[in-house]
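Peer 1: quick one, what's the 3D model for this:
(chains A and B)
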Amino acid sequence: MSHHIVQADNLNHTYSDGTMGIKNISFKITHGESVALVGANGAGKSTLLLHLNGCLMSTKGEIRIGDFPLNKTNLKSVRRSVGMVFQEPDDQLFMPTVFDDVAFGPISLGLPETEVETKVLNALETVGAVHLKDRQPYKLSGGEKRAVAIATTLATSPDILVLDEPTSNLDPVSRRRLIELLKTFEHTKIIATHDLDMALDVCERTIVMHNGEITADRPTQDVFNDDALLARSGLERPLRMQAICTIPFINTKTG
Amino acid sequence: MATIENNLFDIRYMDTLASGNSSLHKIDPRAKLITTLIFICMVVSLGKYEISRMVPFVIYPMALIISAELPILYLFKKIAIVAPFAILVGIFNPFFDTQPLVQIGDFSISGGWISFTSILLRFGLTVSAALILICLTGFNGVCMALEKLKVPGPFVVQLMFLYRYLFVLIEEASRMVRARSLRSFDSKGMRFNVFVQLLGQLLLRTLDRAQRIHLAMCCRGFDGHVRLNRTMSFGYREIQFILFWSLLFVIARWYNLPVKIGSIIEGYFL
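Peer 2: Have a look, this model is predicted:
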């Protein structure tokens, strides 16, 4: 039995107000894969992510985590194996101190006190934030908040990491540090992002979404070389793959 | 807007104070919480004309401020901010209660003024005790003490979340107000209907955020209980602290100390 496989079968979700969220989504992500989920705003990326650990339930089709279809009865064990990092760290860090916040997951899982502490310290160590453990979340900088938010999920030892826009609002150095960190994780990773260069760095496979549907599911390099597909999906090539001089160079010296 | 943001930093300053290292800081939060509660009960239970009995109670906040080296001016400012409420409560007493109570030569003071003064004193004492508690313990420390004292979980969690998201909410509100003021060039104040709109927006955003937070909690196995892993040590020092102060409060509550001391001094000299 493996918990590391994520499989969607003809997944559909319609919001209660009738808006179509996602339709006919099917994919299979296997152990240790790192997959980028890209698409224009409103393409349905976040809706799809929320299905992966049962925050939203599909209106049609099913999602399988490991060998089981996700349903209300195994929600708890699924949430244990799928760790989710939300886009807004302030939503994720709700406890009084960083330590309490990272400990929230392990304590909820019923781990004994001493084990909780080692789990927390290990998780903070991984993201390089041990020195922040007694600080209050609202006093942290954006990059620190993001690192701690990732630690909160790592502390529950998930097999699968789901990240929503992990590099948004980060300064270049913090972003680079985060990319290096993500590369070291051996978890199955599913990352929704607009940062296509990050996708290029971290993910070998990319799923492109447009208007709630999957328009491509191929190796990352392949996707970003397909200009027609990118244009159709409201995307463009990652900056580093764009031709050097797409912006016309204006020569001010005319003499 | 600057004022709201400044106040925000002002509140955060209390947390900075709470991370201090004096011996009072190190006392178990529960001991400080219990002592503060006893203090407040004793002060509030005094009769409405009993100003002289209230005076000895000043020792408690003063002793704590001095031994923990808290910034006294900052505390006064905090008290002054909430003072209007107390003034409003008592301001009509002098008009309704005109019975002269104290006679000094030709000058008489009515019962209304005395009770008004006692309301202000009571307010000053209780608010300063509460502020000192937070400056010495931190808001979260107080919440944890409440939890350990078996206050029902939902109340503690409410308080904790209130404090955690207060800052997020204020920042959000101040961003909205700034956005409005940048695009309303001639306005001298906020029009009422704009204010209503902003408030409504803020409510909707808050609801959205609450939903996202709830999701984030569920993702990490939230089952209706927030548990805190904290070991607190309630030892000899704590018991001493509570007993010493409570004894003092009880004595000050039932014996009119200023009058007693006054009569002793009188007896000595006369």
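Peer 1: quick one: buried residues of the longest helix belonging to chain B?
Peer 2: When chain B is parsed with DSSP state H, its longest helix is helix B:153-183. The neighbour-count check on helix B:153-183 (16 or more other CB atoms under 10 Å in any protein chain shown) flags B:156-157, B:159-161, B:163-165, B:167-168, B:172-173, B:176-177, B:180 as buried. Placement of C-beta: from N, CA and C, glycine included.
Peer 1: return only those of those found close to chain A.
Peer 2: For chain A, the contacts drawn from the buried residues of helix B:153-183 by CB under 8 Å from any CB of the partner chain are B:160, B:161, B:163, B:164, B:165, B:167, B:168.
Peer 1: the fourth one reaches residue A:97, doesn't it?
Peer 2: No - at 10.0 Å, residue B:164 and residue A:97 do not qualify as touching, with contact defined as CB atoms under 8 Å.
Peer 1: which residues are common contacts for the two?
Peer 2: Listed contacts common to residue B:164 and residue A:97 are residue A:137; contacts here mean CB atoms under 8 Å, 6 or more residues apart in numbering or on different chains.
Peer 1: what residues does the stretch 1-150 of chain B put near chain A?
Peer 2: B:12, B:15, B:140, B:143.
Peer 1: which strand or helix spans the second one?
Peer 2: Secondary-structure element containing residue B:15, defined by DSSP states H and E: helix B:2-18.
Peer 1: helix or strand next in line after that helix, which one?
Peer 2: Sequence order places helix B:23-26 as the next helix or strand after helix B:2-18, per DSSP H and E.
Peer 1: please name every helix or strand in contact with that following helix.
Peer 2: With contacts taken as 3 or more CB pairs under 8 Å, 6 or more residues apart in numbering or on different chains; DSSP states H and E, helix B:23-26 sits against helix B:59-68, helix B:111-137.
Peer 1: quick one: distance of it to the chain centre.
Peer 2: 19 Å (CA atoms, centre = their mean, to the nearest Å).
Peer 1: with adjacent residues omitted, what lies nearest to the residue most central in space within chain B?
Peer 2: With distances taken as CA atoms, centre = their mean, residue B:130 lies nearest the centre of chain B, 3.7 Å away. Using CB to CB, 6 or more residues apart in numbering or on different chains and skipping residues adjacent in sequence, the residue nearest residue B:130 is residue B:36, 6.6 Å away.
Peer 1: shouldn't that neighbour be in contact with residue B:129?
Peer 2: Yes - judged on CB under 8 Å, residue B:36 makes contact with residue B:129 at a distance of 5.2 Å.
Peer 1: coming back round to it: for chain A, see how far away the residue nearest to the centre of chain B is.
Peer 2: Distance from residue B:130 to chain A, counting by CB to the nearest CB, to the nearest Å: 19 Å.
Peer 1: what pLDDT does the model give that residue?
Peer 2: For residue B:130, the pLDDT comes out at 93.
Peer 1: relative to residue B:39, how far out is it?
Peer 2: 9 Å (CB to CB, to the nearest Å).
Peer 1: and what of residue A:208?
Peer 2: For residue A:208, the distance to residue B:39 - CB to CB - is 65 Å.
Peer 1: before we move on, what about residue B:119?
Peer 2: Relative to residue B:39, and taking CB to CB, residue B:119 is found at 17 Å.
Peer 1: more neighbours: the two, which one.
Peer 2: Legend: neighbour count by other CB atoms under 10 Å in any protein chain shown for residue B:119 and residue B:39, higher for residue B:39 (24 against 17).
Peer 1: show me what contacts the more buried one?
Peer 2: Each residue near residue B:39 by CB under 8 Å, 6+ apart is listed here: B:57, B:60, B:125, B:126, B:129, B:245, B:249.
Peer 1: next: residue A:231.
Peer 2: So residue A:231 contacts nothing (CB under 8 Å, 6+ apart).
Peer 1: thought residue A:118 was touching residue A:111, still the case?
Peer 2: No - assessed by CB under 8 Å, residue A:111 is found out of contact with residue A:118, at 9.5 Å.
Peer 1: more neighbours: which of those two?
Peer 2: Under the criterion of other CB under 10 Å, the comparison of residue A:111 against residue A:118 puts residue A:111 first, with 18 against 11.
Peer 1: does the more buried one count as helix, strand or coil?
Peer 2: Assigned with DSSP: H, G, I helix; E, B strand; the rest coil, residue A:111 falls in the coil class.
Peer 1: give me the contact list for the one helix or strand residue A:222 maps to.
Peer 2: Secondary structure from DSSP H and E places residue A:222 in helix A:220-224. For helix A:220-224, contacts defined as CB under 8 Å, 6+ apart pick out A:36, A:38, A:196, A:199-200, A:203-206, A:208, A:216, A:229-230, A:237-238, A:241.
Peer 1: quick one: which of these sit in helices?
Peer 2: Counting by DSSP H, the part of these found in helices is A:196, A:199, A:200, A:229, A:230.
Peer 1: does stretch A:189-198 reach chain B?
Peer 2: No - against chain B, stretch A:189-198 shows no contacts by CB under 8 Å from any CB, the least distance being 14.0 Å.
Peer 1: how far does that stretch sit from its chain's centre?
Peer 2: On the basis of CA atoms, centre = their mean, stretch A:189-198 is displaced by 7 Å from the centre of the chain it belongs to.
Peer 1: other residues contacting that stretch?
Peer 2: Applying CB under 8 Å, 6+ apart, the external contacts of stretch A:189-198 come out as A:6, A:29, A:33-38, A:45-46, A:48-49, A:52, A:160-168, A:175, A:179, A:182, A:199, A:202-203, A:224, A:235-240.
Peer 1: buried ones from those, can you make that a ChimeraX selection?
Peer 2: Buried residues within those, by 16+ other CB under 10 Å, are selected in ChimeraX with:
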select /A:6,29,33,34,35,36,37,38,45,46,48,49,52,160,161,162,163,164,165,166,167,175,179,182,199,202,203,224,235,237,238
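Peer 1: buried set for stretch B:34-53?
Peer 2: When burial is assessed from 16+ other CB under 10 Å, stretch B:34-53 yields the following buried residues: B:34, B:35, B:36, B:38, B:39, B:40, B:42, B:43, B:46, B:50, B:51, B:53.
Peer 1: same check, this time on stretch A:46-62
Peer 2: The neighbour-count check on stretch A:46-62 (16+ other CB under 10 Å) flags A:46-56, A:58, A:61-62 as buried.
Peer 1: if we check chain B, which of those are in contact?
Peer 2: When the buried residues of stretch A:46-62 are checked against chain B using CB under 8 Å from any CB, the ones in range are A:50, A:53, A:55.
Peer 1: so the first one touches residue A:56, yeah?
Peer 2: Yes - the pair residue A:50 and residue A:56 passes the contact test of CB under 8 Å, sitting 4.2 Å apart.
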